[in-house]
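Visitor: Sequence and predicted structure below; questions after.
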Amino acid sequence: MTLTLILIILLITFFLNQVYRFSHFTDKIGNTKKPEDFSILDLLKVFLIGIRIPKPVDQICINNNYTSHFLEFRNIKLNYWLSKNTKSPTIIILFHGYAVSKTQLFDESEFFISNGYSTVLVDFRGSGQSSESYTGMGTYESEEVFQIFNLFKHKYKNKKIILFGHSLGSVAILRAIYKYKIDPAAIILQAPFDSFLNTTRNRFRILKIPYFPFAEFLVLFGSVTLFTNLLAFNPYKYAKELNIPVLYLIGEKDNRVFLEDIQRIVYNTKSYKSLAIISKASHDYLYASNKQDWKKYIMEFLTNLNKLHSI
């Protein structure tokens, strides 16, 4: 009985440590290896003590196209860069992915600016110049999408607002629309996962090791650590509530969000929608991997959006 209790305590401690490492950043400087690049020694180290992820920092300095600002709510400070061309009738707000900063989408923002759009690059909590050193894996971030959206909706009442998200940023947008009932003119979502449990399973698939019951335990204890039900974090269900135009994008070589994952979301989307598969592109680099195709799909969507709004 005593041995069983000790084993249970050790298992609980193990899983709590793992999810804490994934959701809390360190002050360590440097980059974290991708799971597929792990050696056997790396895997053993991660298994025993958990992965250490440095707090994401901006990889690019602000240029003359932007001004830097902060939005504060409930003692959290979000940094965002607002483009100076605020006379555009449309603002595109960009939300980054997991364990990176707003500069992940800097090139995409520059493309939108070059085509006459105003843009906003946002750091989620724990990233870039924003406060905190942790992530909510897309749950807490949905409130940040809500706060940023409301800020610009009230500041620029006569402008259309399009929300653009990558991976974690995409599902945060879906959850914000579902939970907070925000009403952007349209959304562009890159590589959104269909459910948090499934995306956790995909990480084990990358490592070519069985995911059951480890993925389930990680999600369960992640729910405890983040004080939110990650088992109910299902973006494919949120998609049922959409009544605005949506462009979904996924990389042909994405090994974190599979085509069938995003198709599950697309199937549930009953509003105007389009799915673009970017050839040669991986999960993190849709734009950089194939700029020509990415630009084509984006501009086709924005052109069709203008036509829909003129009807």
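Guide: Perfect, I can see it now.
Visitor: so which helix or strand takes in L11?
Guide: Per DSSP states H and E, L11 falls inside helix 2-23.
Visitor: neighbouring contacts of that helix?
Guide: The contact list for helix 2-23, computed with CB atoms under 8 Å, 6 or more residues apart in numbering, reads 49-53, 134-137, 217-218, 220-222, 224-226. C-betas here are computed from N, CA, C, even on glycine.
Visitor: Quick check: buried residues in it?
Guide: F15, Q18, V19, R21, F22, S23 (16 or more other CB atoms under 10 Å).
Visitor: Turn the residues you listed into CSV, columns for pLDDT and distance to L5.
Guide: CSV is the format used below for the buried residues of helix 2-23 (pLDDT from 0 to 100; distance: CB to CB, whole Å):
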residue, pLDDT, distance to L5
F15, 74, 16
Q18, 80, 21
V19, 82, 22
R21, 84, 25
F22, 81, 27
S23, 86, 27
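Visitor: Let me know the closest of those to E252.
Guide: Lowest distance from E252 to the buried residues of helix 2-23 (CB to CB) belongs to F22, with 26.9 Å.
Visitor: Next SSE downstream of the helix-or-strand element of the chain with minimal mean pLDDT?
Guide: When each helix and strand of the chain is scored by mean pLDDT, DSSP states H and E, helix 40-49 comes last, with a mean of 62. As assigned by DSSP H and E, the chain's next helix or strand after helix 40-49 is strand 66-73.
Visitor: And that following strand, what does it pack against?
Guide: With contacts defined as 3 or more CB pairs under 8 Å, 6 or more residues apart in numbering; DSSP states H and E, strand 66-73 has these neighbours: strand 76-83, helix 139-155.
Visitor: Let's have the ones you listed in TSV, adding mean neighbour count.
Guide: TSV is the format used below for the helices and strands packed on strand 66-73 (neighbours: other CB atoms under 10 Å):
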stretch	mean neighbour count
strand 76-83	20
helix 139-155	20
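Visitor: Looking at the ones you listed, which is nearest to A288?
Guide: strand 76-83 (19.5 Å).
Visitor: which residues sit against the helix or strand following that closest one?
Guide: Per DSSP H and E, the first helix or strand lying C-terminal to strand 76-83 is strand 90-95. Residues from elsewhere that reach strand 90-95 (CB under 8 Å, 6+ apart): 102, 105, 108-109, 112, 117-122, 124, 141, 145, 148-149, 152, 156, 159-166, 169-170, 172-173, 185, 188.
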